[in-house]
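Q: kindly generate the corresponding structure for this input.
(one chain, ligands or ions: 1)
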Amino acid sequence: MNNSYGLYRNVRNASWKFLIDFNICELPIDVFKICEQLNIQIKSYEELPEIISIIGQQGRTVDEEGFCMLFDKNWFIFYKNDYRSYANINFVILHELAHILLGHKTRIESNNGKILYTNKKNMNSQLEKEADMFAIRIMSPACVLKELNLHTPEEIMEVCRLPYIYAEKRAQRIEELYKRNMFYKQPLEIKVREQFSPFVSRLKTNWQTESIQEFISPEKF
Ligand SMILES: [Zn+2]
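A: Okay, the predicted model is just below:
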């Protein structure tokens, strides 16, 4: 597994590089598909109770929303399937993927040397913040929000499928970027905009068509 994204000095650049490397050009992003490409298995807690019990025997808690684990050289991401929205589950998995990709070194080795995993409670808040930032930036790239002229948490939620709490944060951040016109200062961001350009055009056209249809809808007459 390539952890080289952690080499980028900031999470923002790492997230642009990730979007480019994986040729992600549409929102909302499909984290299940990305993990498949990376050969990372995603399991809900219910799917592998024996692993959860091994971890439990070691006195670790598994009441977190999710965690990642290296088992016999294969990465797994576990998430608690408590029937929350797809957006929430997507975010939890992407947060764990961020820990893997950014090479956060807080993995713990088990007695038999087989299990290594990251656990939220053992990680410092800076790494948690970084994983959240990476996930937010992947799910809602600032340049795509700008091109679509999105502002409110509701708009961001709808297009990016970000959980509300993060969409709210993103809306605040994007407002600052709009005010300071802080876009396209880096070549990586320009590349991301180009990559998303067909998606942006398509969405804008759809929105236009929808509003025209609404306008000519027979119910109105
Ligand atoms: Zn975490």
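Q: just checking, next helix/strand downstream of the least confident helix or strand in the chain by mean pLDDT?
A: When each helix and strand of the chain is scored by mean pLDDT, DSSP states H and E, strand 115-118 comes last, with a mean of 49. Using DSSP states H and E, the helix or strand that follows strand 115-118 in sequence is helix 125-139.
Q: buried ones in that following helix, by neighbour count?
A: By neighbour count with 16 or more other C-beta atoms under 10 Å, helix 125-139 contains the buried residues Leu127, Glu130, Ala131, Asp132, Met133, Phe134, Ala135, Ile136, Arg137, Ile138, Met139. Every residue, glycine included, has its C-beta placed from N, CA and C.
Q: so which of these are also by the ion?
A: When C-beta under 5 Å from the ion is applied, the members of these adjacent to the ion are Ala131.
Q: mind putting the buried residues of helix 125-139 into a markdown table with pLDDT and distance to Lys146?
A: Below are these laid out as a markdown table (pLDDT from 0 to 100; distance: C-beta to C-beta, whole Å):
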| residue | pLDDT | distance to Lys146 |
| --- | --- | --- |
| Leu127 | 82 | 29 |
| Glu130 | 90 | 23 |
| Ala131 | 90 | 24 |
| Asp132 | 92 | 21 |
| Met133 | 93 | 18 |
| Phe134 | 95 | 19 |
| Ala135 | 95 | 19 |
| Ile136 | 96 | 15 |
| Arg137 | 96 | 13 |
| Ile138 | 96 | 16 |
| Met139 | 96 | 15 |
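Q: closest one of the buried residues of helix 125-139 to Gln195?
A: Proximity of those to Gln195 (C-beta to C-beta) peaks at Ile138, which lies at 12.9 Å.
Q: list the contacts of that closest one.
A: The contact partners of Ile138, by C-beta atoms under 8 Å, 6 or more residues apart in numbering, come to Ser15, Phe18, Leu19, Ile24, Ile29, Leu94, Ala98.
Q: how does it look with 7 Å?
A: For Ile138, the contact set (C-beta atoms under 7 Å, 6 or more residues apart in numbering) comprises Ser15, Phe18, Leu19, Ile29, Leu94.
Q: check Phe183 too.
A: The contact partners of Phe183, by C-beta under 7 Å, 6+ apart, come to Ala142, Cys143, Lys146, Leu177, Glu189.
Q: any idea which of the residues you listed is least confident?
A: Scanning those for pLDDT, the low point is Leu177. It has 93.
Q: that one - how many residues pack around it?
A: Residues lying near Leu177 (other C-beta atoms under 10 Å) number 14.
Q: ok, now the one 5 residues further on?
A: For Met182, the neighbour count with other C-beta under 10 Å is 13.
Q: what of Gln41?
A: Using other C-beta under 10 Å, Gln41 has 16 other residues around it.
Q: ok now the longest helix along the chain, how far from the chain's centre?
A: Using DSSP state H, we find that the single longest helix of the chain is helix 187-216. Computed by C-alpha atoms, centre = their mean, to the nearest Å, the chain-centroid distance of helix 187-216 equals 21 Å.
Q: stretch 156-163 now?
A: 11 Å.
Q: so which bits of that stretch are buried?
A: Buried, per 16+ other C-beta under 10 Å, within stretch 156-163: Ile156, Met157, Val159, Cys160, Arg161, Leu162, Pro163.
Q: of the residues you listed, list those near the ion.
A: Within the buried residues of stretch 156-163, nothing lies near the ion by C-beta under 5 Å from the ion.
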